[in-house]
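A.B. asks: Predicted structure and sequence below. I'll ask about it afterward.
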Amino acid sequence: MNSLSNPEASSPAEFWHTQPEADLLLKLEATSKGLSKQEAQLRLKTHGPNQLPQAEPPAWWIIAIRQFVKGRVNSYQCGGVKVYHSG
């Protein structure tokens, strides 16, 4: 693992956003014009696509229950405010 991907870097000087561009390009083995097509394909094959994992959306019935519970909580809050202001 290189210093660019190390989340436990010991000092701010080791963070990627504080490094000079030339140093970063050298560490990433890239140029200011980007990667060659062959290098991009190799990295895609080696590291996979640049995507974050996506969680499954909740089932429709869970969404419905959440809306019901949230609606009830909101009505309790509105009722509490009304009682508070009416004396």
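C.D. replies: Received it, and whenever you're ready, just let me know what you need. Numbers count the residues shown, from 1 in each chain.
A.B. asks: quick check: longest helix of this structure.
C.D. replies: Determined from DSSP state H, the single longest helix within the chain is helix 60-86.
A.B. asks: Does it pack against any helices or strands, and if so which?
C.D. replies: Taking 3 or more CB pairs under 8 Å, 6 or more residues apart in numbering; DSSP states H and E as contact, there are no helices or strands that helix 60-86 lies on. For glycine as for every other residue, the C-beta is placed from the backbone atoms N, C-alpha and C.
A.B. asks: Distance from the chain centre to that helix, please.
C.D. replies: Relative to its chain's centre, helix 60-86 lies at 30 Å (CA atoms, centre = their mean, to the nearest Å).
A.B. asks: average pLDDT for that helix?
C.D. replies: For helix 60-86, mean pLDDT rounds to 77.
A.B. asks: do the same with stretch 26-34
C.D. replies: For stretch 26-34, the per-residue pLDDT averages 90.
A.B. asks: For that stretch, measure first residue to last.
C.D. replies: 12 Å (CA to CA, to the nearest Å).
A.B. asks: roughly how far out does that stretch sit from the chain middle?
C.D. replies: For stretch 26-34, the distance to the chain centre is 24 Å (CA atoms, centre = their mean).
A.B. asks: and if you look at stretch 57-67?
C.D. replies: 23 Å.
A.B. asks: Report the buried residues of it.
C.D. replies: Under the neighbour-count criterion of 16 or more other CB atoms under 10 Å, stretch 57-67 has nothing buried.
A.B. asks: Equivalent analysis for stretch 33-51, please.
C.D. replies: For stretch 33-51, it's none, nothing buried (16+ other CB under 10 Å).
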